[in-house]
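Peer 1: quick one, structure for this:
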Amino acid sequence: MGRNIEERGHWSSKTEFLLAVAGNVVGMGNVWRFPYLCYKNGGGVFLVPYLVFVVTCGIPLFLLETSMGQYTQQGGITCWQRVCPLAEGIGYAGQLIQLYGMCYMMILAWALFYLAYSFSSSLPWASCDNIWNTHDCNVVGKNLTLNWTQQSNSTSPATEFWEHRVLSVSRGIDDVGSVHWEILLCLTAVWIICYFCIWKGVRSTGKVVYFTATFPYVMLMVLLVRGLTLPGALQGVVFYLYPDPEKLLDPQVWMEAGAQVFFSYSTCVGMLTVLGSYNTYNNNCYRDCFRLCLLNSSTSVIAGFAVFSVLGFMAHEHGKPIEEVAESGPGLAFIAYPQAVAMIPLPQLWAICFFIMVILLCVDTQFTAMEGIITSVTDVFPKVLRGTGRRELFLFAFCLFCFCCQLIMVTEGGVYWFQLIDYYACSGACLLFLSIFQSVSIGWIFGAERLCEVIEDMTGSYPNFIFRLCWKYLTPFGSLVMFIYYLVELQPLTYNRWYIYPGWAYGLGRLFSLSSILMVPGWALYRLWTAKGSLKERWLYLCCPDKNLPLTRKQRTKKQEVTSATELQNII
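Peer 2: Purely as a prediction, here's the structure:
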């Protein structure tokens, strides 16, 4: 007798699903990337291309993936086996990108390290009196502006704490150096935390998100209120939103707006499909889609006020233009913002609030991404991986494998490896490529009209015609244009604008990108090669959805009509 396969299960409540998705899509990209892009690309004007891509790509893909998961009740790989077997490579490519994305656990480790030091009697990144500081370290204030200008080689204590204490940066990617044991302990801790967040599947994930998805908003509101009360805050807010209409003519602005939508909405990697697959069949995913997309974009805008009010304060204290203190990415979270916090009364309190927010924003994104990979692989091998203790063992093996792969990132040369994987393996080009094939597969092969019927059958609401227009035309066309522009304008990766990677590193980075991109056509060719029958028969077979998928209302009606006609003919 065969072993009984455990049921996948469902969310215990609607709230768990909403919080899990919110925790996944609302992350550090909303805090450290969107505000910087907004000020850099025309202030309030940047919202125009951003909203265009939200409407034509973000929301349509969000609904497409969530409804696919809910309809098929499958993860990011097997859902494609059910809907369009020819496009199954999209699922594998998405999981590979998520696997590369596990490197973002390093952000959690760094944030935990900063949080530990935030409890010090004096913040170590606020002064130049530490053993890791160099002679070029200079605490800048209004009274030291002239000194700062004259000493072009001077560095801030926050920069030196980041580079010399946290990273201990080596001379290059070739120079691995020694292991940073404190960061290794922090990395171990965050992997253990993420493991226990999802070790029981949606039963544990659904409970954890009640805290991890809501408390960051409490911290964000606290930081926003405090930031707006600081001197110079208004200057920062104006700089953040001041419109520059000429920027709308710059294609780079549109490119960065589109890339931000793809990153912040977590599309094309199968994560939304997995989270949607734990819904009941009649959940109103159509309404959920609008709620969650509104929450995501609103969080990005509000985070900009919180960030730039504090950066405006720092510029005011330094007597410098705000563009000289504004940063993006890790530079904002680990240099600019900590440096600004060090100038505020009760700096330890605000540092603790900030890094708790960073940790919680990252941790739920990471453990839901882990859940996506585990669920997708488990759905491919249900007989092997579903059962008492089997999931927990597989999850432990996965965490241990990823942890071992990241050991190189806790060395002195680790930041170079982190940046290489982030820039190439998790690049916008990979997501745009998957977006093209995903929208074409659903819009043309499975059928945009059929997906609308599926959504109507599940939710009772027939999607607006704009969704069909996007799935068939606007989303693939917009993604294709951005993909081509991305390849044309792609610049070689550098670190801190001065370190140029060796040739072998660039080659490895391109292999990272191609490993997911080639998965789509490669898997399609493999399925065509191994299928039976003529080429036309193979093509038709691989483009047909699984016959065991639930029938929509129209399909059930049509089937009943055919059955009735057949029975009548037999009677006659």
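Peer 1: low pLDDT regions in this protein?
Peer 2: For the chain, the stretches with pLDDT under 70 are 1-6, 140-153, 327-329, 559, 561-572.
Peer 1: show me how it divides into domains.
Peer 2: Listed by automatic domain parsing, the domain ranges of the chain are 14-530, 535-571.
Peer 1: among those, which is the most enclosed?
Peer 2: domain 14-530 (a mean of 20; mean count of other CB atoms under 10 Å). Just so you know, the C-beta spots here come from the backbone N, C-alpha and C atoms, and that holds for glycine as well.
Peer 1: redo the domains of the chain as CSV? Include distance to residue 7.
Peer 2: Shown next, in CSV, are these (distance: least, CB to CB, whole Å):
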stretch, distance to residue 7
domain 14-530, 9
domain 535-571, 17
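Peer 1: the strands in this structure, which residues?
Peer 2: 494-495, 499-500 (DSSP state E).
Peer 1: so where do the helices sit in the stretch 251-400 of the chain?
Peer 2: 251-264, 271-277, 285-318, 330-331, 337-341, 347-380, 382-385, 390-405 (DSSP state H, counting those that start in this stretch).
Peer 1: so which of these comes closest to residue 60?
Peer 2: helix 285-318 (9.2 Å; CB to CB).
Peer 1: ok, the nearest residue to residue 533 once chain neighbours are set aside - contacts?
Peer 2: Distances taken as CB to CB, 6 or more residues apart in numbering place residue 541 nearest to residue 533, at 7.0 Å, with adjacent residues excluded. For residue 541, the contact set (CB atoms under 8 Å, 6 or more residues apart in numbering) comprises 85, 531, 533.
Peer 1: touching, residue 437 and residue 90? I think so.
Peer 2: Yes: counting by CB atoms under 8 Å, residue 437 touches residue 90, with 5.7 Å between them.
Peer 1: what do the two both touch?
Peer 2: residue 520.
Peer 1: about what we covered before: for residue 448, see how far away the residue nearest to residue 533 is.
Peer 2: Relative to residue 448, residue 541 is positioned 21 Å away (CB to CB, to the nearest Å).
Peer 1: circling back to that earlier point, in TSV: the helices of the stretch 251-400 of the chain, plus distance to residue 219.
Peer 2: Output for these, formatted as TSV (distance: least, CB to CB, whole Å):
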stretch	distance to residue 219
helix 251-264	19
helix 271-277	24
helix 285-318	10
helix 330-331	19
helix 337-341	13
helix 347-380	4
helix 382-385	37
helix 390-405	27
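Peer 1: ok, residue 412 touching residue 177?
Peer 2: Yes: contact criterion CB under 8 Å: residue 412 and residue 177 qualify, at 2.8 Å.
Peer 1: between the two, which contacts overlap?
Peer 2: 168, 170.
Peer 1: now residue 342: closest residue in space that isn't a chain neighbour?
Peer 2: Per CB to CB, 6+ apart, closest to residue 342 is residue 126, 3.7 Å.
Peer 1: meant to ask about residue 450
Peer 2: residue 552 (7.6 Å).
Peer 1: which residues touch that neighbour?
Peer 2: 450, 453, 454, 456, 457.
Peer 1: then residue 103?
Peer 2: So residue 103 contacts 406, 409, 418, 421, 422, 426 (CB under 8 Å, 6+ apart).
Peer 1: now, the residues you listed that are in helices?
Peer 2: Under the assignment DSSP state H, the contacts of residue 103 contribute residue 418 to helices.
Peer 1: Serialize the contacts of residue 103 to JSON lines and add fields for distance to residue 158.
Peer 2: JSON lines is the format used below for the contacts of residue 103 (distance: CB to CB, whole Å):
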{"residue": "406", "distance to residue 158": "25"}
{"residue": "409", "distance to residue 158": "21"}
{"residue": "418", "distance to residue 158": "19"}
{"residue": "421", "distance to residue 158": "25"}
{"residue": "422", "distance to residue 158": "21"}
{"residue": "426", "distance to residue 158": "26"}
